[in-house]
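[1] Dropping the sequence and predicted coords here.
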Amino acid sequence: MTLDKVKRGQRIEICKIPDEQVRAQAIRFGVCEGTVVLCAEKLPAGPIVISKGWQELAIGRGLAEKITVKVASA
C-alpha cells in the first residue's frame with residue numbers, strides 16, 4: 001500500500017522511498033526504510049502528516065502516492 005492510503009492514527013512502517021532525492025531528505029529527518037511512524041493527520045486533498053517521536057513531517061499527496069508502506073505490527 002502507499003502512504004496516501006493510510007488512515008489517521010495508523011502505525012505504519014516505511015517500506016520503500018523510490019526517489020533518491022526524497023530518500024536523502026527523509027533520512028535527514030530521521031525517516032528511512034524500516035522506520036515506524038504514526039499517521040498523525042490526513043488532510044482532505046492535502047498532505048499526510050506523519051510523526052516520529054516529537055517530530056512531525058507533512059508529505060504532499062503526490063509524493064505520498066510514491067512511498068510504499070505497510071501496517072506496523074504491534
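    Here it is on my side, so go on.

[2] Output the below-cut-off pLDDT ranges for the chain.
    Filtered on pLDDT under 70, the chain yields the residue ranges 74.

[3] so where's the longest helix in it?
    Criterion DSSP state H: the longest helix present in the chain is helix 20-28.

[4] Can you name the residues bridging to Leu38?
    Per DSSP bridges, the residues bridged to Leu38 are Arg11, Ser51.

[5] Please give the number of neighbouring residues around it.
    Leu38: 18 surrounding residues under other C-beta atoms under 10 Å. No exception for glycine: its C-beta is placed from N, CA and C like everyone else's.

[6] repeat for Gly62
    Neighbour count of Gly62, defined by other C-beta under 10 Å: 9.

[7] With Glu33 instead?
    Neighbour count of Glu33, defined by other C-beta under 10 Å: 14.

[8] Tell me which helix or strand the nearest residue to it once chain neighbours are set aside sits in.
    Using C-beta to C-beta, 6 or more residues apart in numbering and skipping residues adjacent in sequence, the residue nearest Glu33 is Ile14, 5.5 Å away. Element membership for Ile14 (DSSP states H and E) is strand 11-16.

[9] Okay, angle between that strand and helix 20-28 too, please.
    Here the directions of strand 11-16 and helix 20-28 differ by 140 degrees (axes from the mean of the first three to the mean of the last three C-alpha atoms, to 10 degrees).

[10] For strand 11-16, give me every contacting residue.
    3, 6, 26, 31-39, 50, 67-72, 74 (C-beta atoms under 8 Å, 6 or more residues apart in numbering).

[11] Export the longest helix of the chain to CSV, keeping only CA atoms.
    In CSV, the C-alpha atoms belonging to helix 20-28 read as follows (Å, rounded to 0.1, in the frame of the first residue of the first chain):
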residue,chain,number,x,y,z
GLU,A,20,16.7,9.1,-4.4
GLN,A,21,16.5,12.8,-3.6
VAL,A,22,13.4,12.3,-1.5
ARG,A,23,15.0,9.4,0.3
ALA,A,24,18.1,11.6,1.1
GLN,A,25,15.8,14.3,2.5
ALA,A,26,13.8,11.8,4.6
ILE,A,27,17.0,10.4,6.1
ARG,A,28,17.9,13.9,7.2
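
[12] I appreciate the help and will end here.
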